[in-house]
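Below are the sequence and a predicted model; questions follow.
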Amino acid sequence: MNNIEFFNYVYGYYGVGGLYGMNFNDDQIRAAIEIVRLGNRFGIEFVGDSIDREHVLVVLEENFIAEGAWDELVNC
């Protein structure tokens, strides 16, 4: 999967109007993808699969959801 395909894949889940209704914007998703791609903090090679997509979600949650906002997302 190339960079654009992976971005679109992740955006379809976590972006504005995405499957999970999390409404992260383009810049947030791009930043999280780069952190996962370059950081290797999860100890596995980045290949652009569903595992990497979930790692992007972890980064999005850690960096772009303010404390207490997660409860609002879950309970809306």
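Nice, thanks for sending it over.

next one: phi and psi at residue 24?
phi -70, psi 150 (degrees, to the nearest 10).

Likewise for residue 15?
Torsion angles, degrees, to the nearest 10, at residue 15: phi -80, psi -180.

so how many other residues sit close to it?
Neighbour count of residue 15, defined by other C-beta atoms under 10 Å: 19. The way it works is simple: take the backbone N, C-alpha and C, and place the C-beta from them, glycine included.

I'd like to know how far it sits from residue 22.
Separation of residue 15 from residue 22 (C-beta to C-beta, to the nearest Å): 8 Å.

ok, now residue 4?
Separation of residue 4 from residue 22 (C-beta to C-beta) stands at 20 Å.

Which one of these two is surrounded by more residues?
Shown here are residue 4 and residue 22; by other C-beta under 10 Å, residue 22 has more neighbours (19 against 8).

Could you find the closest non-adjacent residue to the more buried one?
Take residue 22 and drop its neighbours on the chain: the residue closest to it by C-beta to C-beta, 6 or more residues apart in numbering is residue 14, 4.7 Å away.
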